[in-house]
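*Asks:* quick one: sequence plus predicted model below, questions after.
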Amino acid sequence: MKRFEDEGAYKYSFYSVLRRGKRIDVKCPKCGGHASIDQRNGQMGWKCFECYAQAFEELVYQYNAKGNCAIYERWFNVEVIDEKKASHRSTHVECPHCGSVNQEHLNYLIAYVSADLREKPWKYAFKNSFT
């Protein structure tokens, strides 16, 4: 019987392989041949071993903030655009779901959206210029 011991998923993740200085084998976007992605001198790029095409560019980072809203306990995951906030490990990010005034208003909005039938009270139903 042959035994296999799993090394874990993170060892072969895109980020981990590049961080260790190894290359990632891919298909060339120009000819479809064997190409690789690697990182050198602060630049990320690809090069083809068959048609010798290549392209390198500066590294571009995307910062995301994720967590639970402190008020309504809803999960969010948003991109941090403010450069001042992006450089900090722990920063305050506004919840994108908080569009309500308070908990009572949020419950009203949830009830409104989830209702199959929405009715107005009669005193508001027939407002016109004559009343």
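*Replies:* Looks like it came in fine. Please read all numbers here as calculations on a predicted model, not as lab measurements.

*Asks:* quick one: residues contacting the closest residue to Gly42 other than its chain neighbours.
*Replies:* Nearest residue to Gly42, sequence neighbours excluded (C-beta to C-beta, 6 or more residues apart in numbering): Leu59, at 6.3 Å. For the C-beta atoms, the positions are set from N, CA and C on the backbone; glycine is no exception. Contacts for Leu59 (C-beta atoms under 8 Å, 6 or more residues apart in numbering) come out as 39, 42-44.

*Asks:* let me see the mean pLDDT of the lengthiest helix in the chain.
*Replies:* Scanning the chain for the longest helix, with DSSP state H as the assignment, gives helix 103-114. When pLDDT is averaged along helix 103-114, the result is 78.

*Asks:* how distant is that helix from the center of its chain?
*Replies:* 27 Å (C-alpha atoms, centre = their mean, to the nearest Å).

*Asks:* repeat for stretch 24-34
*Replies:* Counting by C-alpha atoms, centre = their mean, stretch 24-34 comes out at 27 Å from the chain centroid.

*Asks:* what do you get for stretch 45-53?
*Replies:* Relative to the centre of its chain, stretch 45-53 is centred 30 Å away, using C-alpha atoms, centre = their mean.

*Asks:* and stretch 12-23, by the same measure?
*Replies:* 21 Å.

*Asks:* got the buried residues for it?
*Replies:* Val17 (16 or more other C-beta atoms under 10 Å).

*Asks:* which residues touch that stretch?
*Replies:* Applying C-beta under 8 Å, 6+ apart, the contact partners of stretch 12-23 are 10, 24, 36-39, 44.

*Asks:* farthest pair within those residues?
*Replies:* Farthest-apart pair in the contacts of stretch 12-23 is Tyr10 and Ser36; separation 20.7 Å (C-beta to C-beta).
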